[in-house]
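Visitor: 3D model of this:
(chains A and B)
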Number of protein chains: 2
Amino acid sequence: MILDPETDLTFTRTINAPRSILWECWTTPLHIKNFFIPKPHAIDKCEIDLRVGGKFNTTFNVDGNIMENDGVFLEVVDKKRLVFTDTYSEGWKPAADPFMTAIIEFEDYGKGATTYTATARHRSPKARQSHEDMGFFDGWGTVASQLEEYAKSLG
Amino acid sequence: MILDPETDLTFTRTINAPRSILWECWTTPLHIKNFFIPKPHAIDKCEIDLRVGGKFNTTFNVDGNIMENDGVFLEVVDKKRLVFTDTYSEGWKPAADPFMTAIIEFEDYGKGATTYTATARHRSPKARQSHEDMGFFDGWGTVASQLEEYAKSLG
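Guide: Model prediction:
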């Protein structure tokens, strides 16, 4: 995949957990609630239909403000690669004003650890900048730390 | 799939050709050139990578005006269902201003014939209306007739 620095944001880090566990975390509603948004914000609801075109809907609770995020999976490569977006809701219904497409990649890193890459692709440099200003690196970095911490509790 | 009359356009017709042949036509660059745009407009180039996320790029030649249409497949269900869009180009790069998502469905209709459904989903009622005004029903209807005619020559 060739990224576009004008419109994409990406980071890679290692996580001390095997990718099979990280995959479970990323694809199970019960687990999603434990790491997917920086605490103390919460996920009130998560629905997953793990297939191409299947729904990935989450409800964020940010200081009592409820935000519904409806999306779908675009690619599901078992334990390796998960692509999802708010560009569509189920049935390939296009969203009026989609924000981003996320690509989460897992690779083995030595014994029991994983190289974890999170990428967000956007429709324009402006959308990319706005995502960076919203705190992409801090926010997604915190999510990765919460994921690592939570994965330990499952190991 | 639940359609939205505010944003979607769709039609169904029967075509006198088996769906295996229609599928071949829809998924082979050489064949695409023979039916995919109302004549005398032409397809100068077609590139297909028939998998989810794979490219579906066509170059239209409309009275000498060259139009590049880069897209990807979202769903590929052999001989049954093909979903593609200009919302992404290869590698899930989001387009700045996508136009539509197309769903082409093939079902057996008696012996050797096919029920053919073509649906275009849009991001807004305005985009839907603009597509209808551009001649969706005439244009896609002509494409279906050209497909039937061309499929005969392969049968």
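Visitor: got the contact list for stretch A:38-46?
Guide: With contact meaning Cβ atoms under 8 Å, 6 or more residues apart in numbering or on different chains, stretch A:38-46 is reached by A:29, A:32-33, A:36-37, A:57-63, A:66, A:138-139, A:142-143, A:146. Where you see a C-beta, it was placed from the backbone N, CA and C, and this is true even at glycine.
Visitor: same thing with stretch A:48-56?
Guide: Residues contacting stretch A:48-56 (Cβ under 8 Å, 6+ apart): A:27-29, A:32, A:47, A:70-76, A:84, A:88-92, B:52, B:74-75, B:83.
Visitor: ChimeraX command for the buried members of those residues?
Guide: A single ChimeraX command selects the buried members of the contacts of stretch A:48-56 (16 or more other Cβ atoms under 10 Å in any protein chain shown):
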select /A:27,32,70,71,72,73,74,75,76,84,88,89,90,92 /B:52,74,75,83
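Visitor: In strands only, show me the contacts of stretch A:48-56.
Guide: A:47, A:72-76, A:84, A:88-89, B:74-75, B:83 (DSSP state E).
Visitor: now, which of these sits nearest A:M1?
Guide: A:E75 (10.8 Å; Cβ to Cβ).
Visitor: Now for the closest residue to that closest one other than its chain neighbours: which residues touch it?
Guide: Nearest residue to A:E75, sequence neighbours excluded (Cβ to Cβ, 6 or more residues apart in numbering or on different chains): A:V83, at 3.8 Å. Applying Cβ under 8 Å, 6+ apart to A:V83 gives the contacts A:73-76, A:101-104, B:53, B:92.
Visitor: Report the distance from the helix ranked longest in chain A to the chain centre.
Guide: Longest helix in chain A, counting residues (DSSP state H): helix A:136-154. With Cα atoms, centre = their mean, to the nearest Å as the basis, helix A:136-154 stands 11 Å off its chain's centre.
Visitor: In the beta-sheet assignment, what are the partners of the closest residue to A:T85 other than its chain neighbours?
Guide: Nearest residue to A:T85 in three dimensions, chain neighbours excluded: A:T101, at 4.1 Å (Cβ to Cβ, 6+ apart). With DSSP bridges as the criterion, A:T101 is bridged to A:T85, A:R121.
Visitor: so how far is B:R51 from A:T101?
Guide: To B:R51, A:T101 is 17 Å away according to Cβ to Cβ, to the nearest Å.
Visitor: ok, those two, which is more surrounded?
Guide: A:T101 (23 against 11; other Cβ atoms under 10 Å in any protein chain shown).
Visitor: Helix, strand or coil: sort out the residue of chain A most remote from its centre for me.
Guide: Using Cα atoms, centre = their mean, the residue of chain A lying farthest from its centre is A:K111. It sits 24.0 Å away. Per DSSP: H, G, I helix; E, B strand; the rest coil, the local secondary structure of A:K111 is coil.
Visitor: Chain B contacts on chain A?
Guide: Chain A has residues A:1-2, A:4, A:7, A:52-53, A:74-75, A:83, A:85, A:87-88, A:91-98, A:100-101, A:103, A:121-124 near chain B, with proximity defined as Cβ under 8 Å from any Cβ of the partner chain.
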